[in-house]
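A.B. asks: can't give you the sequence, but here's the structure:
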């Protein structure tokens, strides 16, 4: 799959602090053996345009299904699955930092839907993007077009509090208390929580869980460590606590995730 999955770091210096990478994939379903897959909640936002090969995206927490053609996800602990609707997967997109969406709109992120139709966010810019990108066959030109729409839409804002909080959480790999984060920044825990809901769309506690979940899955994927070892490495009280937290977020146990790791082809690890 690596040869079919192309990634590109941002070209613009400013966007490097907002976008992890752009990605492109174009491959027949038969080469992935993919039917329906659960997407593990992840501490990043994803933009995706599916060309003429849309996906069916189901939120099992809200029992809602959406046809995804050009969408932006937001940070969520909902249990979500994706399913191709055609015989091919063709996607151009980007994985961006959790606060990047707040730079693209003045709406509080917690008030936005779990899956955002890009046309509702970018308006005519989204339609122009779609028309232009459909004329390209070179992924690099597509990445430049994605970058352009980000640069044209980014608002001037002061998000220093939330960016500092996110950086602290990620530098500690989620092993830090909310009170410690608040003390380091010099604000109350309540103010911190308000910043998270407004600019990220979840609570700081939920975000910490997502960061720890990412670390745990990475360890399970790239090591043969026991689940007990994984739970202690990620600073859970014991394996039972780790398993219960993991299952509450994903809907499945760590054991089942590890056993089907190769099937989760849309994980960002």
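C.D. replies: Sure thing, it's come through. Predicted, not measured: the structure shown is a model, and the values here were computed from it.
A.B. asks: State the mean pLDDT of the helix or strand hosting residue 219.
C.D. replies: Counting by DSSP states H and E, the element that carries residue 219 is helix 204-222. Average pLDDT, helix 204-222: 89.
A.B. asks: Does anything pack onto it? Which helices or strands?
C.D. replies: For helix 204-222, the packing partners by 3 or more CB pairs under 8 Å, 6 or more residues apart in numbering; DSSP states H and E come out as helix 160-171, helix 178-185, helix 189-199, helix 227-233, helix 239-250, helix 254-259. Backbone N, C-alpha and C define where each C-beta goes, glycine included.
A.B. asks: ok, residues contacting the first one?
C.D. replies: Same thing as helix 160-171. Identification of contacts with helix 160-171 by CB atoms under 8 Å, 6 or more residues apart in numbering yields 43, 97-99, 102, 176, 181, 184-185, 187, 192, 195-196, 199-200, 204, 207-208, 211.
A.B. asks: Type out the ChimeraX command that picks the buried ones from those residues.
C.D. replies: Applying 16 or more other CB atoms under 10 Å to those, the buried members can be selected in ChimeraX as follows:
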select :43,97,98,99,102,176,181,185,187,192,195,196,199,200,204,207,208,211
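A.B. asks: and the helix or strand of the chain with the lowest mean pLDDT, what does it pack onto?
C.D. replies: In the chain, no helix or strand scores lower on mean pLDDT, DSSP states H and E than strand 37-39, which sits at a mean of 79. The contact analysis (3+ CB pairs under 8 Å, 6+ apart) places strand 37-39 against strand 80-84.
A.B. asks: the domain parsing of the chain - what is it?
C.D. replies: 5-153, 160-263 (automatic domain parsing).
A.B. asks: end to end, how far does the longest one reach?
C.D. replies: To tie it back to what came earlier, the one meant is domain 5-153. In domain 5-153, first residue to last residue: 27 Å (CA to CA, to the nearest Å).
A.B. asks: For burial, what's the neighbour tally of the closest residue to residue 114 other than its chain neighbours?
C.D. replies: Distances taken as CB to CB, 6 or more residues apart in numbering put residue 76 closest to residue 114, at 5.2 Å, once the chain neighbours are dropped. Applying other CB atoms under 10 Å, we find 21 residues neighbouring residue 76.
A.B. asks: What backbone torsions are found at residue 76?
C.D. replies: Note on residue 76: its backbone torsions stand at phi -160, psi 150 [degrees, to the nearest 10].
A.B. asks: wait, isn't residue 80 in contact with residue 58?
C.D. replies: Yes. Under the criterion of CB atoms under 8 Å, residue 80 makes contact with residue 58 at 6.8 Å.
A.B. asks: The two: who's more crowded?
C.D. replies: Counted by other CB under 10 Å, residue 80 and residue 58 do not tie: residue 80 has more neighbours, with 22 against 19.
A.B. asks: okay, that one: pLDDT?
C.D. replies: Residue 80 is given a pLDDT of 88.
A.B. asks: Can you give me the end-to-end span of stretch 60-67?
C.D. replies: Note: stretch 60-67 ends 15 Å apart using CA to CA.
A.B. asks: model confidence over that stretch, on average?
C.D. replies: According to the model, stretch 60-67 has a mean pLDDT of 93.
A.B. asks: buried stuff in it?
C.D. replies: Buried, per 16+ other CB under 10 Å, within stretch 60-67: residue 66.
A.B. asks: Likewise for stretch 131-150?
C.D. replies: Those would be 133, 139, 142, 143, 144, 145, 146, 147, 149, 150, for stretch 131-150 by 16+ other CB under 10 Å.
A.B. asks: Identify the residue nearest the fifth one in space, chain neighbours excluded?
C.D. replies: Translated: residue 144. Per CB to CB, 6+ apart, closest to residue 144 is residue 11, 7.0 Å.
A.B. asks: Quick check: the gap between that neighbour and residue 148.
C.D. replies: 10 Å (CB to CB, to the nearest Å).
A.B. asks: In terms of helices and strands, where is residue 24?
C.D. replies: strand 19-28.
A.B. asks: could you say what helices and strands that strand packs with?
C.D. replies: strand 5-8, strand 88-96, helix 139-153.
A.B. asks: mind checking how far residue 92 is from residue 62?
C.D. replies: 27 Å.
A.B. asks: re earlier: residue 31: which of the helices and strands packed on helix 204-222 is closest?
C.D. replies: Taking CB to CB, helix 254-259 is the member of these nearest to residue 31, at 22.1 Å.
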